[in-house]
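A.B. asks: What follows is a predicted protein model with its sequence.
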Amino acid sequence: MIGKGYRSAEVVEAMKRHGAVYFVATGGAAALISKRIKSYTVIAYEDLGPEALAAAEVEDFPVIVAIDSQGRNFYEEGQKQYRQD
């Protein structure tokens, strides 16, 4: 997945089960990012347009791994040091 915001606990659990990764991109950077996609093939849910499931081959892709396939969450880890719980 590529997006900009948080993912729910249910989505993170599904990512862990299926070995998925969540990438975040800078808002407004779609034109730059699109130039880094070498191939794009829709795998399922073609009727969903940009929300379809696809395989993409990318090169020098300017995104950050926000949630890895083990569920480690950059949003949570990055904010820990600033919380006053």
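C.D. replies: Okay, I see it.
A.B. asks: Could you give the average pLDDT over the helix or strand encompassing E77?
C.D. replies: Taking DSSP states H and E as the criterion, E77 maps to helix 74-80. In this model, helix 74-80 carries a mean pLDDT of 86.
A.B. asks: again with stretch 9-20
C.D. replies: So the average pLDDT for stretch 9-20 ends up being 95.
A.B. asks: So which bits of that stretch are buried?
C.D. replies: Neighbour counts over stretch 9-20 (16 or more other Cβ atoms under 10 Å) mark V12, M15 as buried. For every residue, glycine as well, the C-beta is placed using N, CA and C.
A.B. asks: contact partners of it?
C.D. replies: M1, R7, V21, Y22, I67, S69, Q70, G71, N73 (Cβ atoms under 8 Å, 6 or more residues apart in numbering).
A.B. asks: Closest one of those residues to L48?
C.D. replies: Checking the contacts of stretch 9-20 against L48 by Cβ to Cβ gives M1 as the nearest, at 13.1 Å.
A.B. asks: The closest residue to the closest one other than its chain neighbours and G28: what is the separation?
C.D. replies: Sequence neighbours aside, Y22 is the residue nearest to M1 in space, at 4.8 Å (criterion: Cβ to Cβ, 6 or more residues apart in numbering). Separation of Y22 from G28 (Cβ to Cβ, to the nearest Å): 19 Å.
A.B. asks: Which one of those two is surrounded by more residues?
C.D. replies: Set Y22 next to G28 and count neighbours by other Cβ atoms under 10 Å: Y22 wins out with 23 against 8.
A.B. asks: Let me know whether that one touches G3 as I believe.
C.D. replies: Yes: Y22 is in contact with G3 according to Cβ atoms under 8 Å; the separation is 6.9 Å.
A.B. asks: in the chain, which helix has the most residues?
C.D. replies: Secondary structure of the chain per DSSP state H: the longest helix is helix 9-18.
A.B. asks: related to what we said a few turns ago, nearest to I33, of the contacts of stretch 9-20?
C.D. replies: M1 (13.6 Å).
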